[in-house]
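**Q** From the sequence below, what's the structure:
(chains A and B)
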Amino acid sequence: MRKKSAVRRFRRSIPLYLMLLPGIIYLIVNNYMPMAGLALAFKKVNYALGLFQSPWVGFDNFVYLFRGNEAVIFFRNTILYNLTFILLGNFAGVLTAIALDAVRSKFFQRTSQVVILIPFLLSTVIVSYIAFAFLSGNNGFMNNTVLPLLGIEPISWYNNPKYWPYILTIVYLWMNFGYSSILYYSTLIGVDKAYYEAAVVDGAGIGKQITAITLPALKPTIITLVLLAVGRVCYSDFGLFYQVPMNSGMLYSTTQTIDTFVYRGLLQLNDIGRSTAAGFMQSVLGFILVLLANIIVRKLDKDSALF
Amino acid sequence: MIYKNKIFRTAMTVFVIILCLLSLMPFVLLLSGSLTDEATLALYGYDLYPRKFSMDAYSYLWNLRAPIIRAYFMSFAITVFGTGANVVMTTLFAYPLSRKDLYGRQVISFFLFFTMLFNGGFVPTYLIYTRIFNISDTFAAMVVPYLMMNAFFVIMMRTYIMSNIPDEVIEAARIDGSSELRILTRIVMPMSRPIMATVALMAAIAYWNNWTNGVYFLSVRTELYGIQNVLNSVMANVTFLQSHSNAMVSTRQMPNVSIRMALAMIAVIPILAAYPFFQKYFVKGITVGSVKG
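**A** Coordinates of the predicted model:
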C-alpha cells in the first residue's frame, strides 16, 4: 500500500523533476565535479596524460607547499586580513547605521542610504582605477596633494609592502561599509520607538539609549554576521588582493592571500601541485569553519543560521 | 528613532553627509583627472578639479572607439544571456522545491544547499571547465562558470513562493487539469514578480561587473572581452586599445595619464546613470538576500 503511494508520488513528480533538470546538471558541472576534483591535490597533474591518468603522489604536494615560508605568509595574510575586516567592517557598519537612524530628514535618510551603497556597486577593476588615481607614484592624489600638505616626501606606494595592510583595509571599508550599514540599519528600522520614548521619560541620555536599546537590538544581527564571516576566513576577495595592488610582485609579502596564490600558481607560474594543495586546504578548512560557525549561530539565533 | 537631542542628531547628520562625500569623492577625482590637460597632470597630478580643462583624453578615446563599443556590446550580451539563464534556472529550481508533495524533496534540497557549504575552489573548477568541457576562448566561458545559478537565490525564491502563494491555489489549478508548466507560468511566476526582479537585478550586476571569467578563460580571443576586461588590460598596458583598433593613431600623441581616468569614467557612467532607477530593488536585494532568504 505504502509502496504504491510512493510510486504514485514519484510519477506525479516527474514534470517537476524535468524542471529541476537544468539546475541539477549545472550544479553537477559547476559545483560537484570540482568537489571531486579536489582529489587532484594528491596527484601530480600532467596535462599530457590528462586529469584522470595523472599519477597519485600522496602528500607530496602538501610537503612541497610547506617547504619555505611562503605558505605560512599567505595563510597568515588571509586570516589576519579577514579578522581585521570583520572587526572594523562591522564596527563601521554599526556606527553608520546608528548615524543613519538619527538623521531627521526622511528624504536625506533615504538618499544617503543609496549614496553610500555606490562603492559596493562597482567592480573591483573600477576600484583599482580609483586606488590608482590616489596612489600612482607620479600623478597620484596622495603624492601630489595630500602628502605635500602634511610635509611628507612622496612615497612609492606600489613598491612598498608595509603600507598595504592599511591601504587594503581602507579600500575594503570604502567598498563595504555601505553594505553592512544597510544590513544593520534594516534591523534598527524594526525597533519599536516606544522603547526610546520610555527611556527618555526615565531620563536616559543618548549614551544610555544606545547601550541599553540600540546595541541590544543589533546584537543578534552582529553575532550572525560576524560568525558567518568567521566561517569564511579562509577566503578572500580575489579582486581586492590581486587587482587593487596591480599584481605587483614586490607587494606579495603583505598582499598575497590563498586565492591569489592559487591563481598565480595555476595560471602564471605553472606550479599546479602547490596550487591544488593550497586550494584543497582552503576548501576543507572552509567547510569545517562554516559548519562550526553555523552550529554556534543556530544555538544563539535559530532563524539566522544557514541550516 | 528618538535620541531626543538636537545636537546629537545634527552631529549624526553631519557625519552621514561626510560619509556620502567620502563615497562620492573618488569619482570627482576620476572625472577631474579625465578632463585635465596632460601637461598639467604631469605637473600637479590628479586633482579634485581640472586645473586646465581639456577633452584630449576623450577625443583620443573617440578615435579608438571601435574596441570600446565592441566591449560594451559584449558586456551587454553577456549580461542579457547570463541574467536570462540565471532567472530561468532559478525559477525552474525554486518552484518544484516549494512543493511539499515533491517526491524526494529533502534530498534535492540538500543537494542544492550543500553547494553553499562546500566547494572545490578555483583549481578543480578551472581544470574541469577547460580540460573536460573545453570552454576556453568561447562566449560560454563568460556566461556559464560561477554565475549562472546561485543556491542562495533559489532558496530565497522558494521561501517567497511558499509564503506568498497558498497551496490551495496550486491544488485547485491541478484539479482543473493544468500542467505543472502551466501552473508555473500562469500562476506562480506572475505572483512572484518582485522576487524575480530582485534575482534578475542581482544577477545582472554580477554579470556586468564580472571580470574574472575573462581573465581565467579568455587568453586568445580577446575580442570576447567585456568592458571590465578591457579596463583590466588597459591598466596593465595602456596601448591595449591601440593594438585592438584599426584606427591610425600614433602612440606619441596619446594622453597617457588622463586616458586611464577617461576610460574609467566611460565604464562607470552607465552604471551610475542607471542606478537611481534600480536602487530600490538593489537595497531590497541586499537586505533580503544577505542573512537568509
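**Q** Pretty sure residue A:173 sits against residue A:89.
**A** Yes. Between residue A:173 and residue A:89 there is a contact at 6.4 Å, judged by Cβ atoms under 8 Å. Backbone N, C-alpha and C define where each C-beta goes, glycine included.
**Q** Give me the pLDDT value at the residue sitting nearest the centre point of chain B.
**A** Centroid-nearest residue in chain B: residue B:205, 2.2 Å away (criterion: Cα atoms, centre = their mean). As predicted, residue B:205 sits at a pLDDT of 93.
**Q** Show me the shaky parts of the chain.
**A** Since no chain was named, I'll use chain A. A:1-4 (pLDDT under 70).
**Q** ah, I was thinking of chain B
**A** Applying pLDDT under 70 to chain B flags residues B:1-4, B:246-253, B:289-293.
**Q** again, 50 this time
**A** Applying pLDDT under 50 to chain B flags the ranges B:291-293.
**Q** okay, now the domains of it?
**A** For chain B, automatic domain parsing gives the domain ranges B:1-54, B:59-289.
**Q** Could you dump those domains into CSV and include distance to residue A:152?
**A** CSV is the format used below for the domains of chain B (distance: least, Cβ to Cβ, whole Å):
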stretch, distance to residue A:152
domain B:1-54, 15
domain B:59-289, 22
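**Q** Stretch B:122-136 close to chain A?
**A** Yes. Using Cβ under 8 Å from any Cβ of the partner chain, we find that stretch B:122-136 touches chain A at B:122-128, B:131-133.
**Q** same thing with stretch B:189-204?
**A** No. Stretch B:189-204 stays clear of chain A (Cβ under 8 Å from any Cβ), getting no nearer than 11.0 Å.
**Q** related to what we said a few turns ago, the more surrounded of residue A:173 and residue A:89?
**A** Comparing residue A:173 with residue A:89 by other Cβ atoms under 10 Å in any protein chain shown, the one with more neighbours is residue A:89, at 23 against 20.
**Q** Pull up the gap between the more buried one and residue A:175, please.
**A** According to Cβ to Cβ, to the nearest Å, residue A:89 stands 10 Å off from residue A:175.
**Q** Ok, residue B:37 next?
**A** Remark: distance between residue B:37 and residue A:175 (Cβ to Cβ) = 31 Å.
**Q** out of everything not next to it in sequence, what's closest to the closest residue to chain B within the stretch 101-250 of chain A?
**A** Closest approach of the stretch 101-250 of chain A to chain B (Cβ to the nearest Cβ) occurs at residue A:144, with a separation of 2.9 Å. Nearest non-adjacent residue to residue A:144, counting by Cβ to Cβ, 6 or more residues apart in numbering or on different chains: residue B:45, 2.9 Å away.
**Q** For residue B:42, what are phi and psi?
**A** Backbone torsions for residue B:42, taken as degrees, to the nearest 10, come to phi -60, psi -30.
**Q** what's the answer for the one 4 residues further on, then?
**A** Per-residue torsions, residue B:46: phi -70, psi 140 (degrees, to the nearest 10).
**Q** so what's it up against?
**A** Residues counted as contacts of residue B:46 (Cβ atoms under 8 Å, 6 or more residues apart in numbering or on different chains) are A:133-134, A:136, A:139-141, A:144, B:29, B:32-33, B:36, B:261.
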